[in-house]
Every structure is written in structure tokens, then in C-alpha cells.
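**Student:** Below are the sequence and a predicted model for it; my questions follow.
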Amino acid sequence: MTVELITGYAGTPHIGSADIGAFQAGIVGPGDYALATGNQLKATMSNANTIAVQSGDAVLNGRHVHLTGTTTATVQSGTQGQKRNDKVVLRYTKNTTTGVETCSIVVLKGTPTTGAPTDPAHTTGSILDGVATHDMPLYRIPLDGITVGTLVPLFNVLRPMKDVWDSLTPTVLWEGTSGKTGTLPLAESITDFRELIIEGNDDDHYPRLFHTAAEAGSIVLSFVGMNFTNGLASGKATLVRISDTSMQIIGHRIHVMEGNTSDTQCLTITRILGAR
């Protein structure tokens, strides 16, 4: 059959792991990912010969794997005077005779060397293409002699859709009508954001929009205005100082082409947003 309704009643069991795996790979991606659940597969060395991987979930080419608690695996001792990189993987295996699929944590031993060690090769190929074995790299274990170094994560944590939505939807940090000077308190610290978006109106009642990095410091919100009576352009600027939790309006400057300057308020801030 070339067309099959997966999520539909067929009269007999017809949905397999390949169906669900393909669906999940289409949503989260075809690669290997940890999910933001449990302890997100964080790991420690219980001792020089044991790695302990904590709870979490992973998706391997669409196949969902759940670690309910801490799982351990054995690491072979290092050799005095030599360095070695071992690699910890989450291994998917399919019995080609029975079709039974399993997953386990495996430590791949690297090659000892007196030079710069390299990672041992892991099994690649996609489960989506029907391979019987697939490895998701989790950690590199560097060994210098018999000393075990710091674990190096080799996987990405896939953030939930809520985080993606939050990153696309700016957060209102302040809203109102600013004066010529003054301090505008922000609802959240700017350290939680990547960018600040400043909305307002100029003294000719035209809307103005500014984007700046979410960093503490002084910035100039500058723009060009036009006097439609005499046709002269003017450069306008508002100086603000940003801290982690507030934005202070320092002053204004208007410079007309004729050479006249003024400190008249040229920008009224109406809203400050933070983008993650």
C-alpha cells in the first residue's frame, strides 16, 4: 500500500514504531536530541571506572528513549603515561530476526596514545533508513594516565515549543508616557533578554521605533525630523542610560540645519519590550 492512514482505525493493528518515529522526526528533526525533561541526561563520574547518566528523554532519529533514573556504565582504567578519549553513546539496536528494538548506554573505548588522543568512531546511519544500530553521542571522557578529566557533553538539548514562542513574542517591560527626563522601571531584568525594543512618538507626533542590544550602558536614540513649514531638516536625539532594571532618560538635543540647537523634548517613549 502506498497510502496509509496512520492515525485511523484499520480494523487490525497497523501502527508500528517506524510510523511514530517518522512522525516525531518530522516534528523535532531527523537528528539526535535530548529533551528538556528530567535531569536532561546530565552525567557525573561516580568513580574512575563508572559514569552515571541521570534521568531524561532523548529522541534518536524520531525514536523516543526515556531514562527513568540514573543509569551507570563501566569505563576501563587508563594507562600510565598515555592519554585516551572514550565516548559514551546511547545505542539503539534492532534485532533483525525478531524485530525487537532496544536502547542502552555504551562506553566506546578510545585508543591510548602519548600524543593527542582522538575520539573513537561511533555507529552512524539513520534509523529512518532502516539501520539496525545507531549511536547518539552523549559524552567524551578524557583520560590522562589513570586520571579522568571533565566530561564533555556531545549532544544538544532541544528546547520546548514554549521557549520558541517566548523567543518570538517580546515581553512588555514598561508601558506609559515618558517625560522629558526621568527613570522608567523595567518589569524584568534585561539580562533575561537578547534585545530591547523601544517604541515612542517624536515631537511631530510620528511613531518611532528603536532596537538595541539588551546591555547596560548609555545609548543615543537618534532620528531625522522635517519642519514642513520651512522645509528644513533637523537631527534629533534622546540620550538614555540603561541599567539591568531601568531606563533613565538623560536629555534631548535638536539640531536644525540653520545651526540652531535646542534641548526641547523630541521623543516620548511609550513602550519598552524585551526580546529573548
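**Tutor:** Structure received.

**Student:** Now do the contacts for residue 272.
**Tutor:** 172, 173, 174, 175, 184, 186, 196, 197, 198, 199, 247 (Cβ atoms under 8 Å, 6 or more residues apart in numbering). For every residue, glycine as well, the C-beta is placed using N, CA and C.

**Student:** Residue 225 is in what secondary structure piece?
**Tutor:** In the assignment (DSSP states H and E), residue 225 maps to strand 217-226.

**Student:** residues of that strand that come out buried?
**Tutor:** Buried residues in strand 217-226, counted by 16 or more other Cβ atoms under 10 Å: 219, 221, 223, 225.

**Student:** Same check on stretch 233-245?
**Tutor:** For stretch 233-245, the neighbour count (16+ other Cβ under 10 Å) marks 234, 236, 238, 239, 240, 242 as buried.

**Student:** In contact with the spatially most central residue of the chain, which residues?
**Tutor:** In the chain, the centroid-proximal residue (Cα atoms, centre = their mean) is residue 159; its distance is 6.4 Å. Going by Cβ under 8 Å, 6+ apart, residue 159 touches residue 36.

**Student:** what sits up against stretch 2-10?
**Tutor:** Taking Cβ under 8 Å, 6+ apart as the rule, stretch 2-10 contacts 14, 15, 19, 23.

**Student:** Distance of the nearest residue to the third one once chain neighbours are set aside relative to residue 222?
**Tutor:** With Cβ to Cβ, 6 or more residues apart in numbering as the measure, residue 6 is the residue that lies nearest to residue 19, at 5.0 Å, once sequence neighbours are left out. Counting by Cβ to Cβ, to the nearest Å, the gap between residue 6 and residue 222 amounts to 57 Å.

**Student:** Ok, residue 76 next?
**Tutor:** Distance of residue 76 to residue 222, computed by Cβ to Cβ: 64 Å.

**Student:** Over to residue 72?
**Tutor:** Taking Cβ to Cβ, one finds residue 72 at 60 Å from residue 222.

**Student:** Ok, residue 7 next?
**Tutor:** 56 Å.

**Student:** For the stretch 1-150 of the chain, give me the ranges with low pLDDT.
**Tutor:** The model of the stretch 1-150 of the chain has pLDDT under 70 over residues 1.

**Student:** Would you map the helices across it?
**Tutor:** In the stretch 1-150 of the chain, the helices defined using DSSP state H, counting those that start in this stretch lie at 17-28.

**Student:** That one: strands as residue ranges?
**Tutor:** Counting by DSSP state E, counting those that start in this stretch, the stretch 1-150 of the chain has strands at residues 32-35, 43-47, 50-53, 56-60, 63-67, 71-74, 83-94, 101-108, 133-144, 147-148.

**Student:** And stretch 194-205, what's buried?
**Tutor:** Buried residues in stretch 194-205, defined by neighbour count with 16+ other Cβ under 10 Å: 196, 197, 198, 200, 202, 203.

**Student:** Tell me the gap between stretch 131-143 and the middle of its chain.
**Tutor:** With Cα atoms, centre = their mean, to the nearest Å as the basis, stretch 131-143 stands 22 Å off its chain's centre.

**Student:** Send over that stretch as PDB, restricted to the C-alpha atoms.
**Tutor:** This file holds the C-alpha atoms of stretch 131-143, laid out as PDB (Å, rounded to 0.1, in the frame of the first residue of the first chain):
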ATOM      1  CA  VAL A 131      19.800   0.700  10.000                       C
ATOM      2  CA  ALA A 132      19.900  -1.900  12.800                       C
ATOM      3  CA  THR A 133      22.300   0.000  15.000                       C
ATOM      4  CA  HIS A 134      22.600   3.800  15.700                       C
ATOM      5  CA  ASP A 135      24.600   5.700  18.300                       C
ATOM      6  CA  MET A 136      23.700   9.000  19.800                       C
ATOM      7  CA  PRO A 137      27.000  10.500  21.300                       C
ATOM      8  CA  LEU A 138      26.400  11.700  24.900                       C
ATOM      9  CA  TYR A 139      29.800  12.400  26.400                       C
ATOM     10  CA  ARG A 140      33.600  12.400  25.800                       C
ATOM     11  CA  ILE A 141      35.600  11.100  28.700                       C
ATOM     12  CA  PRO A 142      39.200  12.300  28.600                       C
ATOM     13  CA  LEU A 143      41.700  10.200  30.400                       C
END
